[in-house]
Structure formats: C-alpha cells, structure tokens
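Asker: Provide a 3D model corresponding to the input given below.
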Amino acid sequence: MSGREAISILERLLIHASATVQDAMAAIDANSRGVVLLVDEQHRFLRTITDGDLRRAILKGHALGTSLSVAIDIQGKKSTTAPVGTSREEQLSMMARAQIRHLPLLKPDGTVAELSCADLVHEDVLPLQAVIMAGGFGTRLRPLTDDTPKPMLPVGGRPLMERTIEGLQRAGISRINVTTHYMPEKIIQHFGGGQKFGVDLNYVSEDQPLGTAGALRLISEVDEPLLVMNGDILTNVDYRAMLKFHRENRAQLTVALRQYEMQVPYGVVEATDGLVSELREKPRITFLVNAGIYLLEPTVLKQIPDAGRYDMTDLINRLLAQGERVVGFPVMEYWLDIGRLDDFQKAQEDVERVRWAA
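Answerer: You can find the predicted model right below:
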C-alpha cells in the first residue's frame, strides 16, 4: 500500500466531536472497519467509537443530528491504544486481553498513525433460519401489484426479494423460509429451490392470511433462532450484529428499530390548567419505529395460538405481559419500506445512486 493510500484510509477513520451521529454512521459505512476514531481539533486521539456505541446512543433517545460530543461519553471510556512501532505480536496480544478488534497506534504527540485490526474469524454460516413474509397483497402499491406480488416488484431491474435473499446469503444465512399467499406461483417460478441463489428455500403456503406471527406456526423443525422480516423492505442491515446484540442481551425476541423524525407544522404549546409554560415553533420530533425485522428464540413459537390471525405486535405484547425479555436493535444501515408508491420510487433512485448508507 502506498503512503497516499494509507493516508486516505486513515482520513476516512477520523472524526471530530462536532460531527453528528449520522456523520459517524456514514463514516463507519464508508471505511468498512466498523469503527471511527474520535479526535480533537489538533487531531489527537480521544476514543474509539463503534457501531454498538452509536446504537446505544440512539436507544438513549439521541437524534441522528445530535453531535457526538453530546451523544457519546467522550471522557467516560478510555480506549486501549499502543505506541506506533509496537510489534504485531504485541498488538494482537493487547487486543486479545482487552477483547477488542481494533487498536489505534499513536504517535508521540497523541495523533493517530494507523489503526491495527485483528484478523476477523466469522462463522461461515450463521446459526439461524430466516423467514421472509411474502404473502401480502400490496394494495398500497396498486396498480403495480395487480399482476405481480410485492416482493417480485423490480428494484433497480431486479426483484426486491432477490436483493433480500442476496443480503441474507452474504451474511451466512442459507436456510430461508418464504411465506406465500398472493400469487405464490410467480415467486416459486423465479426462485425455485434457491440453489441458483446459494440458499435453501422452503415455501410455506397460507390458505388465508395468518398475520406476521401466525404464519410462523406453519414452519416445522425450528431448533435455532428465527430471523423474521417483512417482504417489502430494502435494507443492508448487519444481521451478524443483530444476532450478537440479541445474544448479549439474552433476549427472547429482538425487534429492529428505525429512528423516525417528523416536523410538527404548527407551534406546540405546553400548558397546564391554562397556564402556558413553553411554546415551541414547529418542533421536530424523533422517535423509534418498528423496522419490520425480528429475531426470535425458538421457544417463543410456543406462545403463538394454534389458529387464527396473529401479528408480531400481538406476540410482542404477550411476551411483555409475561415479563419476557424483549429488546430493540437500532438499524443504522440503509433501510426503506417500499410499501407505498413514493417509497417504491425512492428505492429505484437509491439503488441507481448506490446509496447504501443510513
């Protein structure tokens, strides 16, 4: 690697405290290292920020536009570093002791010389099955869905579901169940058994719509976690990170969350008994919404009734009522629900621009 290339890589890793959570997301996506290095105005190293740090900031209620100086505890966590010139053997030893994958190597003035990374060993196959909910009528997308099931609508010249399967296969997920109801023959004809796409497809036919959870009762031989996702989502969410988050939180069910922001078109008045305490002009409100992707332990399937329609919201509420552990996983990567015509058009534009960032 040339010196210019090394400098370019390092520049993509560095970020200032004045940058926003969204800036850090984009930088992590661009540098493909899973981290950014926070530096001060003199480019001296402050701390490492991982995608996990950003997800935790979102869960605490910070908006994407919040500066890192507010969203991240800069002084509270001291990152492990090593002086430039440290041997590779010692670097690996330090990373193993600290249970980290990234080690900034610092110059005497505290600036970053380079980022050392441990060799990553991924499981070739993720120990879970996937379920794509592909049975919906797609009424909001008519007339496009009059003769084409929603997952088969072209996005960038390829069926949406083909992109979904490709993302699952790339993450190491090879066993995929597809629930069908509306025009199933068009889905089956295109994908067959899945061999052409490097996966093993199992089709689950719903004689009548059973809901996003009810259809799961038709899947047999489930002895590992189930990754369940709506069939109208275009995303490059990190499924490995989601499984890691699920395990670390010892969850029975993990629901993917997306931060959504809307602007109230009026001045909002805070008042008690007619006494005005605050007036905010057209405020922006940020909250977390259901992203339509779930990770379930196989024991959760026993909570689904034997008959009738049953949605994932029903299942989640039932688990919560029983005191089971349900956690939320913020999606920072690209995500778009194409259930409406304007969003479907946006998907075409995003794919054309290769816009795969949060």
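
Asker: from here on, contacts and neighbour counts on C-alpha atoms
Answerer: Will do.

Asker: quick check: which element contains the residue lying closest to residue 72 once chain neighbours are set aside?
Answerer: Leaving aside its sequence neighbours, residue 72 sits nearest to residue 57 (Cα to Cα, 6 or more residues apart in numbering; 6.8 Å). Using DSSP states H and E, residue 57 sits in helix 51-59.

Asker: quick revisit: state the distance from the residue nearest to residue 72 to residue 51.
Answerer: Applying Cα to Cα, to the nearest Å, one obtains 10 Å for the distance of residue 57 from residue 51.

Asker: how about the next helix or strand after the helix holding residue 57 as PDB, C-alpha atoms only?
Answerer: Beyond helix 51-59 in the direction of the C-terminus, DSSP H and E gives the next helix or strand as helix 68-71. Output for helix 68-71, consisting of C-alpha atoms alone and laid out as PDB, is shown next (Å, rounded to 0.1, in the frame of the first residue of the first chain):
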ATOM      1  CA  LEU A  68     -21.000  13.100  19.100                       C
ATOM      2  CA  SER A  69     -19.900  15.400  22.000                       C
ATOM      3  CA  VAL A  70     -23.500  15.100  23.300                       C
ATOM      4  CA  ALA A  71     -24.400  11.600  22.300                       C
END
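
Asker: may I have the secondary structure class of residue 30?
Answerer: Secondary structure for residue 30, judged by DSSP: H, G, I helix; E, B strand; the rest coil, is helix.

Asker: show me what contacts it?
Answerer: For residue 30, the contacting residues are residue 12, taking Cα atoms under 8 Å, 6 or more residues apart in numbering as the criterion.

Asker: what ranges do the strands span in the stretch 101-250 of the chain?
Answerer: Chain-ordered strands for the stretch 101-250 of the chain, with DSSP state E, counting those that start in this stretch as the definition, fall at 102-106, 112-117, 129-133, 154-155, 158-159, 175-180, 200-205, 226-230, 233-235.

Asker: tell me if I am right that residue 36 is in a strand.
Answerer: Yes - according to three-state DSSP, the state of residue 36 is that of a strand.

Asker: how many neighbours does it have?
Answerer: In terms of burial, residue 36 registers 27 neighbours under the definition other Cα atoms under 10 Å.

Asker: repeat that for residue 10.
Answerer: The local packing of residue 10 (other Cα under 10 Å) involves 17 other residues.

Asker: just give the nearest non-adjacent residue to it, would you?
Answerer: The spatial neighbour of residue 10 that comes closest, neighbours along the chain excluded (Cα to Cα, 6+ apart), is residue 114 at 6.5 Å.

Asker: over to residue 208?
Answerer: residue 181 (7.1 Å).

Asker: for residue 266, phi and psi?
Answerer: For residue 266, the backbone dihedrals (degrees, to the nearest 10) come out as phi -130, psi 170.

Asker: I'd like the average pLDDT over stretch 115-134.
Answerer: If you average the pLDDT over stretch 115-134, you get 78.

Asker: the helix holding residue 57 - what's its average pLDDT?
Answerer: Per-region confidence: helix 51-59 scores 87 on mean pLDDT.

Asker: the residue nearest to residue 10 and residue 212, how far apart?
Answerer: 47 Å.

Asker: ok, now residue 320?
Answerer: According to Cα to Cα, residue 320 stands 18 Å off from residue 212.

Asker: what about residue 62, how many residues nearby?
Answerer: By other Cα under 10 Å, 21 other residues sit near residue 62.
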